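Participant: model this:
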Amino acid sequence: MLKSVLFQLPLILLASGSMSLAPAAPAESKPVDVVFLGDSITKAVRSGVTTQQSFAHLVQTGLLERGVKVNVANVGIGGERTDMALKRLTRDVISRKPRFVTIMYGTNDSYVDRGKKKSRITANAYRDNLQLLVERLLLEGIEPILMTEPRWAKDSRPNGIGENPNIALEPYVEICREVAQENNALLVDHYAHWTKAFDGGKNLREWTTDGCHPNPRGHREIAALMVPVFQQLLQSRNVPVPFTIERSVALRREPGTKDGSYWMHPRAAAIPGSANDSRAKPSVLMVLSKFLGNSDYYSGIYAMRTDDLGKSWQGPVLRKELDWESDGDVNIAVADVSPGWHKPSGKLIAIGAQVRYSPKGKQLEDQPRAHQTAYTVFDPKQGTWTRWRRLEMPAGDQFNFARCACAQWLVEEDGTLLLPCYIGVGTRKPFSTTVVRCRFDGDRLTYVEHGDVLALNVKRGLYEPSLVRHGGRYYLTMRNDLRAYVSVSDDGLHFRPVKAWTFDNGKDLGSYNTQAHWVQVGGGLFLVYTRRGANNEHVMRNRAPLFIAQVDPARLHVIRSTEKILVPERGATLGNSGVTVLNADESWVTVSEANIDRPAAVERGADGSLFIVKVKAVKER
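Facilitator: Reported below is the predicted structural model:
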């Protein structure tokens, strides 16, 4: 399963029935599906409590009074524990495809039965089960909301060892809080609210039917904490950032090409102009490969350059330093390269995947660490490149395969690099994703540390990640053969369990088996991706058109109404793109048409164009 560790990110922690709300904003136009998962306290209905008096119903009606529409499904079951919830999660919860799921357990997990000396489930098992519930929901693109159980009344019947049940429950309550914080999940703290009332002199018998189960008054108290949470969640807080798209063609496949080759993996980086002249235009250096006819078979690296913001380009030129090297009858290339500017050293670093090819162009795994990360350094003052060097990773089988490839990577303020990598024991096992911190001394790149390892045992796992820093946090998008996933971190190393990418209506994004990348313009965060459902079944893996849409960084979903086409489809694929930051208001997306000899591409006029797409924020006048 997925690994998660503690990190500090925004968390709603409620200990009273009131909270400050953001300024009123438009709510969701269509009802949002919400599932309430829990035990008999969630089920609610019992002698003295009707369905209409349950907190689930009160939340629904309370939100409707505030103009927020939700469809509520209450799937609480009396006597249930977290281990039981896991067994029915797919059937009773995930199958409904809700946007949000509340999870409230602990009363039964912690209870000590008569004749027993320990809780029904250990605290460690409870923690593990809660973690699994959170992770499984996130994998489906569903946002979990954890809730602590209400406090027992002071004069409740003692448990099996003669204690008030709160004594056994309190460690489980604390675990619930910790799991919420560790996973950047929302928390509604009913136990804290009921404890505050008790400390203020409230007899909790007045809120329960039997000292444990809430009566109608108790359900009103629970609903009072939940309504503001959902109101804030379901009110739109993102102001769309207006932007324009300018598209041009920098290169096409050479006319008359007969060997099936064409240009691939164009990615660029801006080299700042004169440090003494803020008006000086940057140069943009682009690297690219030539596809050589076989699957994932690429040439050495070519370079192109523009000094007039893309009006004209020099090249492409195959650099000798960046070409293949030979190891007997094996050709060693570096592919999937992404360049970036390293401001502290005044150098450009290009990072990609070292690949070993047989004479017939087949990728080889003929020796340990055949697939590693390689880099080259460009000195703009001298106009020189270094030869490819390998980034040496720590010992251990988990780094036998270690690539930073097709990736957006970052330079931190201290000059270190954060490289999103996909790693594993080899190509026959699912890949995992981690972020590697490296030191750069102006010449050599050196491993320093790596963060959490995010794993998914589905098809080829999590791979080709891209990383961005936005609003003080770090966002990671990852490829899987079946879906695309996203995660968030406070420090760039320790990430929340991965969540499936969805639109803001809760529907799956439809992006799969290809990379996605980040764009930042005008203060907004955007995702560049391809997806199903665009009348594109004739395109291999639905890898065209190339889309861009704004991301809600708090809720980790794509805002459907902002989606635009960056590059229309012509039957070819557009899955291998790159992003170049010019400034805070302008970024370029570079992509070339691939699979252009397929019938669908030939019929629609694809010619192997290499597109430069300028994304510019519209400035207020």
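
Participant: distance of the spatially closest residue to residue 618 that is not a sequence neighbour from residue 60?
Facilitator: Ranked by C-beta to C-beta, 6 or more residues apart in numbering and with sequence neighbours excluded, the top spatial neighbour of residue 618 is residue 242, at 4.0 Å. C-beta here means a position set from N, CA and C on the backbone, and glycine is covered the same way. From residue 242 across to residue 60, the span is 36 Å (C-beta to C-beta, to the nearest Å).

Participant: and what of residue 300?
Facilitator: Separation of residue 300 from residue 60 (C-beta to C-beta): 62 Å.

Participant: what's stretch 205-216 in contact with?
Facilitator: In this structure, residues lying in contact with stretch 205-216 by C-beta atoms under 8 Å, 6 or more residues apart in numbering are 40-41, 44, 46-49, 53, 55, 107, 150, 152-153, 155-157, 165, 194, 197, 204, 217-218, 221-222.

Participant: The residue nearest the centre of the chain pairs with what?
Facilitator: Residue closest to the average C-alpha location in the chain (C-alpha atoms, centre = their mean): residue 486, at 1.1 Å. Note on residue 486: beta-bridge partners by DSSP bridges are residue 477, residue 499.

Participant: Could you pull up the residues touching it?
Facilitator: So residue 486 contacts 475, 476, 477, 478, 498, 499, 500, 501, 556 (C-beta under 8 Å, 6+ apart).

Participant: Only whichever of these are buried, select them in ChimeraX.
Facilitator: Typed into ChimeraX, the line below selects the buried ones among those, using 16 or more other C-beta atoms under 10 Å:
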select :475,476,477,478,498,499,500,501,556
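
Participant: which one of the contacts of residue 486 sits closest to residue 138?
Facilitator: residue 499 (4.1 Å; C-beta to C-beta).

Participant: Can you verify my assumption that that closest one contacts residue 478?
Facilitator: No - in this structure residue 499 lies outside contact range of residue 478 using C-beta atoms under 8 Å: 10.3 Å.

Participant: Widest-spaced pair of the contacts of residue 486?
Facilitator: Among those, 475 and 500 lie farthest apart (C-beta to C-beta), at 14.7 Å.

Participant: that older thread, between residue 300 and residue 60, which has more neighbouring residues?
Facilitator: Just comparing residue 300 and residue 60: by other C-beta atoms under 10 Å the higher neighbour count belongs to residue 60, 23 against 20.

Participant: Torsion angles phi and psi at the residue lying closest to the more buried one once chain neighbours are set aside?
Facilitator: Spatially, and ignoring its direct neighbours in sequence, residue 60 is nearest to residue 72 (4.5 Å; C-beta to C-beta, 6+ apart). Dihedral pair for residue 72: phi -100, psi 130, per degrees, to the nearest 10.

Participant: can you pull the pLDDT of residue 72?
Facilitator: Note for residue 72: predicted pLDDT of 97.

Participant: Could you report the distance from it to residue 228?
Facilitator: 16 Å.

Participant: same question, residue 503
Facilitator: Relative to residue 228, residue 503 is positioned 25 Å away (C-beta to C-beta).

Participant: low pLDDT regions in the stretch 101-250 of the chain?
Facilitator: 236 (pLDDT under 70).

Participant: which residues in it form helices?
Facilitator: 107-110, 123-139, 165-182, 190-199, 216-234 (DSSP state H, counting those that start in this stretch).

Participant: Any regions of the stretch 501-621 of the chain where pLDDT drops low?
Facilitator: The model of the stretch 501-621 of the chain has pLDDT under 70 over residues 621.

Participant: which stretches of it form helices?
Facilitator: 599-604.

Participant: Residue 123 reaches residue 174, doesn't it?
Facilitator: No - applying C-beta under 8 Å as the test, residue 123 and residue 174 come out as separate, 9.1 Å apart.

Participant: Kindly compare burial across the helices of the stretch 101-250 of the chain and name the winner.
Facilitator: helix 107-110 (a mean of 25; mean count of other C-beta atoms under 10 Å).

Participant: starting at the chain centroid, how far to that one?
Facilitator: With C-alpha atoms, centre = their mean, to the nearest Å as the basis, helix 107-110 stands 33 Å off its chain's centre.

Participant: so what does that helix touch, helix or strand wise?
Facilitator: Under the contact criterion of 3 or more C-beta pairs under 8 Å, 6 or more residues apart in numbering; DSSP states H and E, the helices and strands touching helix 107-110 comprise helix 123-139, helix 165-182.

Participant: domains for the chain, by residue range?
Facilitator: Annotated domains of the chain cover 13-234, 243-617 [automatic domain parsing].

Participant: Now list whatever residues contact both of residue 499 and residue 478.
Facilitator: Joint contacts of residue 499 and residue 478 (C-beta under 8 Å, 6+ apart) are 485, 486, 487.

Participant: Roughly how far does the first one sit from residue 137?
Facilitator: This points to residue 485. Note on residue 485: its distance to residue 137, by C-beta to C-beta, is 13 Å.

Participant: try the last one
Facilitator: Distance, residue 487 to residue 137, using C-beta to C-beta: 14 Å.

Participant: for the second one, same thing?
Facilitator: In this structure, residue 486 and residue 137 are 14 Å apart, going by C-beta to C-beta.

Participant: How about residue 332?
Facilitator: 44 Å.

Participant: Same question for residue 363.
Facilitator: 37 Å.

Participant: Kindly report the same for residue 473.
Facilitator: Counting by C-beta to C-beta, the gap from residue 473 to residue 137 is 21 Å.

Participant: Also residue 408?
Facilitator: 27 Å.

Participant: Please identify the helix or strand for the nearest residue to residue 273 once chain neighbours are set aside.
Facilitator: Distances taken as C-beta to C-beta, 6+ apart put residue 280 closest to residue 273, at 2.8 Å, once the chain neighbours are dropped. Residue 280 belongs to no helix or strand when assigned by DSSP states H and E.

Participant: thought residue 280 was touching residue 271?
Facilitator: No - using C-beta under 8 Å as the test, residue 280 is too far from residue 271 to be in contact (10.7 Å).

Participant: Look at the two and report which has more neighbours.
Facilitator: Ranked by neighbour count (other C-beta under 10 Å), residue 280 and residue 271 place residue 271 first, with 18 against 11.

Participant: For the nearest residue to the more buried one once chain neighbours are set aside, give me its contacts.
Facilitator: In this structure, residue 271 finds its nearest non-sequential neighbour in residue 283, 4.5 Å apart by C-beta to C-beta, 6+ apart. Residue 283 is in contact with 270, 271, 273, 305, 306, 307, 380, counting by C-beta under 8 Å, 6+ apart.

Participant: same question, residue 568
Facilitator: Residue 568 touches 544, 545, counting by C-beta under 8 Å, 6+ apart.

Participant: can you tell me how far it sits from residue 618?
Facilitator: Relative to residue 618, residue 568 is positioned 22 Å away (C-beta to C-beta).

Participant: I'd like to know how far residue 32 sits from residue 462.
Facilitator: Plainly put, residue 32 is 28 Å away from residue 462 if you go by C-beta to C-beta.

Participant: Show me which of those two is the more surrounded one.
Facilitator: Neighbours of residue 32 and residue 462, each counted by other C-beta under 10 Å, are more numerous for residue 462; the result is 28 against 20.

Participant: Show the contacting residues for the more buried one.
Facilitator: Residue 462 touches 422, 430-433, 454-456, 478-480, 485, 498, counting by C-beta under 8 Å, 6+ apart.

Participant: Now do it, the pLDDT please.
Facilitator: pLDDT at residue 462 comes out at 98.

Participant: what's the answer for residue 23, then?
Facilitator: For residue 23, the predicted pLDDT is 31.

Participant: before we move on, what about residue 258?
Facilitator: For residue 258, the predicted pLDDT is 89.

Participant: model confidence over the longest strand belonging to the chain, on average?
Facilitator: Criterion DSSP state E: the longest strand present in the chain is strand 330-342. In this model, strand 330-342 carries a mean pLDDT of 97.
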